[in-house]
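Novice: Make a model of this:
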Amino acid sequence: MTEVTFLISNDRHHPAMLIPVIRHLIEQSDVDCRVLSLCELRGRSSPRSALDRLGVPWRRVLTLNLRKGAVARGISVSKRDSGRHRKIRAFVWRCLLGPRIAGLLSSKPRLVVLPNDAAYPYDRIVRMLGKTNTPYLLVQEGIRFELPGVKRESAYGRGGASAIAAWGESSVAYFRDVGVEPDRIHVTGNPRFDHTAVPEPAPAPRDLGHRESRERKLLLVTNPVEEQGYCSAGEKLALVRRFVDGITPLVEDGTLQLTLRLHSSESKRDYLQALSGLRALDRLEFAEDVDLFSLLARTDVAVIMASTVGLEALLFGVRLGVLELPGTGFVFDYVSDEAAQGLTWSRPMAPQVRELLDYDPRGASRFLRHHLHRSTTEPAAAAIARLVLDLTKPSHPESLSHGES
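Specialist: Next up, the predicted model:
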């Protein structure tokens with residue numbers, strides 16, 4: 001039987017993307033699927049119930065939860081700490097992760113399926129796979145854009161995947177731009193959205209005019225932009241404090257109800273300390289262990305920095321604002337494609353958010369079609385499963401050797 005090993009990490013999207021693919025393979029083929037979980041490395045617990053329901057063998061790479069810090073983070077942008085972090089990660093890989101993963105892959109699967117080939121420790125894993133001539137499929141895990149300070153040869157997608165399952169045409173352009181051979185890129189969409197009850201094209205933004213008598217729900221979504229190279233962790237926290245402080249009048253006068261949703265790698269304690277002393281803090285809610293789609297279904301406006309959540313908000317007809325990152329501007333295409341309103345620091349924030357409540361995202365439908373392929377005939381999970389089967393055929397050239405791009 002053909003063995004295929006799937007690796008998942010701490011990102012909440014990974015199980016939602018890869019489990020449907022595994023389920024499809026179990027039901028439609030004789031592929032022997034196995035799962036290795038890196039969740040504990042990034043400070044989260046493996047999705048035990050979901051994996052057990054699949055009925056496939058799965059193992060945790062680490063049994064202890066390492067929480068946050070140098071090992072968990074993929075990129076450190078602090079000049080003071082980057083050297084120390086690199087040494088810690090190298091030590092953990094050499095003494096713990098590398099031998100452990102090598103042992104778990106000793107059965108030599110026909111194919112490995114990964115959500116990342118650039119961040120630690122996936123960068124080391126793909127080099128390990130190359131040494132053993134084990135091909136891998138890269139399944140896109142989030143919106144793609146070039147990161148500051150990252151060399152093109154080290155960019156996401158450049159690790160040597162036999163094939164890449166891309167979300168849409170914009171991702172195809174990204175992978176081509178960083179040097180991936182076009183015949184390795186396959187547009188599949190994202191299984192996370194296969195069964196999302198969202199109409200196509202995108203719904204019109206919700207009419208808030210009839211809701212003047214009650215608060216509108218604003219969801220502020222953070223993500224580790226410091227790991228993407230845009231700022232330090234302290235600067236990011238200061239940015240969030242500045243935003244919350246700026247919209248405090250709208251919170252106090254009943255215009256907005258503010259909810260903060262943190263990335264899985266972030267600490268609520270850090271944000272509470274950063275927001276300490278602000279008048280709006282007592283009225284701010286933290287969305288913890290809440291399904292994102294359920295949260296968006298009851299959200300009126302969302303504000304992001306550089307996150308895939310923006311695409312998901314647009315799918316739900318939620319008005320979208322993008323915070324300007326000092327020295328960078330607005331990350332990704334949300335603002336330039338007229339799918340979102342840019343929130344700049346050159347003007348007071350409260351008036352801009354008032355404008356956001358009435359913003360007309362003229363480019364939202366076009367944006368979604370460009371960035372997220374959604375087939376009416378073949379779900380993304382089936383498309384990726386078909387790609388897995390193709391890559392594991394004995395006649396497929398990439399089933400015999402590890403590809404280079």
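Novice: What is the distance between stretch 326-342 and the centre of its chain?
Specialist: Relative to the mean C-alpha coordinate of its chain, stretch 326-342 is positioned 18 Å out (Cα atoms, centre = their mean, to the nearest Å).
Novice: So which bits of that stretch are buried?
Specialist: Of the residues in stretch 326-342, Phe330, Val331, Phe332, Asp333, Tyr334, Val335, Asp337, Glu338, Ala339, Ala340, Gln341 count as buried by neighbour count, 16 or more other Cβ atoms under 10 Å. C-beta coordinates here come from the backbone N, C-alpha and C atoms, glycine included.
Novice: so which pair among those is furthest apart in space?
Specialist: Farthest pair in these (Cβ to Cβ) is Val331 and Glu338. Separation: 15.8 Å.
Novice: picking that back up, which ones among the buried residues of stretch 326-342 are found in strands?
Specialist: Assigned to strands by DSSP state E, the following of the buried residues of stretch 326-342 qualify: Gln341.
Novice: these two touch, right, Arg44 and Asp289?
Specialist: No - the pair Arg44 / Asp289 is not scored as a contact, 11.2 Å apart, by Cβ atoms under 8 Å.
Novice: Which of these two has more residues huddled nearby?
Specialist: Each of Arg44 and Asp289 has its neighbours counted (other Cβ atoms under 10 Å); Arg44 has more, 20 against 4.
Novice: Return the distance of Ala161 relative to Tyr136.
Specialist: In this view, Ala161 and Tyr136 are 6 Å apart by Cβ to Cβ, to the nearest Å.
Novice: on that earlier part again, what about the buried residues of stretch 326-342, which are in helices?
Specialist: Under the assignment DSSP state H, the buried residues of stretch 326-342 contribute nothing to helices.
Novice: and of the buried residues of stretch 326-342, the nearest to Arg279?
Specialist: Gln341 (24.9 Å).
Novice: Can you get me the start-to-end distance on stretch 363-383?
Specialist: This stretch, stretch 363-383, spans 27 Å end to end (Cα to Cα, to the nearest Å).
Novice: Could you point out the helix or strand that follows the lowest-mean-pLDDT helix or strand in the chain?
Specialist: Every helix and strand in the chain was compared by mean pLDDT, DSSP states H and E; the lowest is helix 79-92, with a mean of 75. If you walk from helix 79-92 toward the C-terminus, the next helix or strand you reach (DSSP states H and E) is helix 98-104.
Novice: Looking at stretch 273-290 now, give me its mean pLDDT.
Specialist: The average of the pLDDT scores along stretch 273-290 is 93.
Novice: and that stretch, how far apart are its ends?
Specialist: 22 Å.
Novice: Now it: buried residues?
Specialist: Of all the residues in stretch 273-290, those buried under the rule 16+ other Cβ under 10 Å are Ala274, Leu275, Ala280, Leu281, Leu284, Ala287.
Novice: what's the top helix by length along the chain in contact with?
Specialist: In the chain, taking DSSP H as the definition, the longest helix is helix 13-28. By Cβ atoms under 8 Å, 6 or more residues apart in numbering, the residues outside helix 13-28 that reach it are 4, 6, 8, 31, 33, 35, 47, 50-51, 54-56, 113, 115, 139, 141-142, 190-192, 194, 308, 379-382, 384-385, 388-389.
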